[in-house]
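Participant: compute the structure for the input listed below.
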Amino acid sequence: MTESSDRTLASDAERLRALRITKGVATGALVLCIAVFLAARAYASAYPWLGFVAAFAEAAAIGGLADWYAVVALFRRPLGLPIPHTAIIPRNQERIADNLGRFIEANFLDREAVRHKLREVDFAMMVADWLAHPRRADELARFSVRLVPQALAALDGSDFKSFIGTRLSERFEQVDLAPLAARLLEGVTAERRHQQLLDEMLKVFGRFLGDADALDALRDRIRNELPTLARFFKADAYLLKRIIASAETMIEEVRADPDHAMRREFDSFVAGFVGKLATSPDYAARAEAIKRDMLARPEFAALGDALWESLRGFVEQDAASDESALRHHLAQLFTAIGRQLRENERMRADMNEGFVVALGAFVEKQKSGVSGFISDQVRRWDLGQLTHVIELNIGRDLQYIRFNGMIVGGLAGLLLHLAELGILAG
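Facilitator: Prediction:
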């Protein structure tokens, strides 16, 4: 049994004890009125003033009896007699159930009343305070991360992977490669960063000039181009030596001079190429042909599956880790959302209005069901239980009606006795 149930039982026991005490006092007061009436009537001839006491006690007893009957008739038949229009509550259980359900629906679940009450609650601040607590944010992140692999597994059985591949193909097909490549190259050539490429080409060329096999091949080509007489005097060796020396000198000059003519020529070449790439229909057609070839390759068709498998593998591995980066970032995100929501009054107002609309619509949709549920519950109550619950909650107040009846009745009897004496004296 829960603590709440224990408190309810204790409260019911206290009310029942108070009800029994009040009933006992009211019944004792009624018996006292009858006893006083009998005693006063017996000695009224000897003591005339007891006539006033007898009149008061008689009327008080009658008023008390009448109100006792009225109170008892609400819950049961007085003295068990089949008197009409008694046991009012048990006999009207179904009507009470229907009226109670309609009353709650009309007065407590009214659309405007519900929304007015909902607007008194700052739901957004409650959410903000909850999220801003690091421990709660971490627990929510843990819960969310545990659900991610399950969500990915559910998506894995769907057409999501093929959807990714299709969308990638569609998006890539819409891209104009030539202008895109031109813009990328413009970023590379900004502040002459493309000169680094020329420096690398010069390094490669320098290594070529120092490679013995490459020089032998070049010497053979020179020898084949020379006349027989020149080959006889080994002019090929001389020419090769001069070519290599000139080339090395030029390489050193270009590398040492940032404003060398070759560098400027390279600048002009790159700028012209980028311009043609951005505007030339021929370059655009070649880029489109390359794009179509890429889209037709099976590797590109499998790119969506590969991306999906990589994403799923990463998420599952991270979610299983005690030091999950995804969980850490989610916790930080939730905490930041809580802090920002707490500081942003306008966002909270919009969010609260959303809660009011959503919950108000829910209550509006379900209120007929709520009233029907209340009616059904009251109908199913045992008659004894129904009577006990109502009497337990309002029975003590009803007993005070008996006290009031005795007092009002006694005063009325006293006034009537005075009127009687006045008439007789006249």
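Participant: what about Pro48, which SS state?
Facilitator: coil (DSSP: H, G, I helix; E, B strand; the rest coil).
Participant: look at Gly272 and report its pLDDT.
Facilitator: Gly272 is assigned 81 on the pLDDT scale.
Participant: tell me, how many residues neighbour it?
Facilitator: Gly272 has 10 neighbours, counted by other C-beta atoms under 10 Å. Using the backbone N, CA and C atoms, a C-beta is placed for each residue, glycine as well.
Participant: swap in Tyr43?
Facilitator: 12.
Participant: element containing His330?
Facilitator: Just to correct that, residue 330 is Leu rather than His. Using DSSP states H and E, Leu330 falls within helix 325-343.
Participant: for that helix, packing partners?
Facilitator: helix 123-132, helix 134-156, helix 303-320, helix 345-380 (3 or more C-beta pairs under 8 Å, 6 or more residues apart in numbering; DSSP states H and E).
Participant: which residue is nearest the middle of this protein?
Facilitator: Val127 (8.3 Å; C-alpha atoms, centre = their mean).
Participant: surely that residue touches Arg339?
Facilitator: No - using C-beta atoms under 8 Å, Val127 is not in contact with Arg339; the gap is 12.0 Å.
Participant: can you report phi and psi for Asp110?
Facilitator: Note on Asp110: backbone dihedrals following degrees, to the nearest 10 are phi -60, psi 140.
Participant: for whichever strand or helix holds Ala29, the distance to its chain's centre please.
Facilitator: Ala29 is part of helix 3-43, with elements assigned from DSSP H and E. Averaging C-alpha positions (C-alpha atoms, centre = their mean, to the nearest Å) puts helix 3-43 53 Å from its chain's average.
Participant: next helix or strand past that helix?
Facilitator: helix 50-75.
Participant: tell me the angle of that next one relative to helix 3-43?
Facilitator: Between helix 50-75 and helix 3-43, the angle comes out at 150 degrees (axes from the mean of the first three to the mean of the last three C-alpha atoms, to 10 degrees).
Participant: now do the buried residues in helix 50-75.
Facilitator: Across helix 50-75, burial judged by 16 or more other C-beta atoms under 10 Å covers 50-65, 67-68, 70-75.
Participant: contact partners of stretch 179-196?
Facilitator: The contact list for stretch 179-196 (C-beta atoms under 8 Å, 6 or more residues apart in numbering) reads 258, 263, 266-267, 270-271, 273-275, 277-278, 284, 287.
Participant: could you export these to CSV, including columns for neighbour count and secondary structure?
Facilitator: Below are the contacts of stretch 179-196 laid out as CSV (neighbours: other C-beta atoms under 10 Å; DSSP: H, G, I helix; E, B strand; the rest coil):
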residue, neighbour count, secondary structure
Pro258, 9, coil
Arg263, 17, helix
Phe266, 18, helix
Asp267, 15, helix
Val270, 19, helix
Ala271, 14, helix
Phe273, 15, helix
Val274, 19, helix
Gly275, 13, helix
Leu277, 22, helix
Ala278, 18, helix
Ala284, 18, helix
Ala287, 20, helix
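Participant: which of the helices and strands packed on helix 325-343 has the lowest average pLDDT?
Facilitator: Ranked by mean pLDDT, these end with helix 303-320 at the bottom, a mean of 73.
Participant: excluding chain neighbours, give the residue nearest to the residue nearest to the centre of the chain in space.
Facilitator: Leaving aside its chain neighbours, Val127 sits nearest to Leu341 (6.7 Å; criterion: C-beta to C-beta, 6 or more residues apart in numbering).
Participant: what do you get for Lys23?
Facilitator: Counting by C-beta to C-beta, 6+ apart, the residue nearest Lys23 is Gln399, at 5.7 Å.
Participant: list the contacts of the one you found.
Facilitator: Shown in contact with Gln399 (C-beta under 8 Å, 6+ apart): 19, 22-23, 25-26, 71.
Participant: which of those residues are buried?
Facilitator: Counted by 16+ other C-beta under 10 Å, these give 19, 22-23, 26, 71 as buried.
Participant: returning to that earlier point: among the helices and strands packed on helix 325-343, which comes closest to Thr335?
Facilitator: The stretch from these with the least distance to Thr335 (C-beta to C-beta) is helix 134-156; that distance is 4.4 Å.
Participant: how about residues contacting that closest one?
Facilitator: By C-beta under 8 Å, 6+ apart, helix 134-156 touches 130-131, 308, 311-312, 315-316, 318-319, 324, 326-328, 330-332, 334-335, 338.
Participant: wait, doesn't Ala124 sit right on Met347?
Facilitator: Yes - counting by C-beta under 8 Å, Ala124 touches Met347, with 7.3 Å between them.
Participant: and these two? which has more neighbours close in?
Facilitator: Counted by other C-beta under 10 Å, Ala124 and Met347 do not tie: Ala124 has more neighbours, with 21 against 14.
Participant: excluding its backbone neighbours, what's nearest Ala60?
Facilitator: Nearest to Ala60 is Gly410, by C-beta to C-beta, 6+ apart, at 3.4 Å.
Participant: for whichever strand or helix holds that neighbour, what does the pLDDT average out to?
Facilitator: If you go by DSSP H and E, Gly410 is part of helix 383-425. In this model, helix 383-425 has a mean pLDDT of 77.
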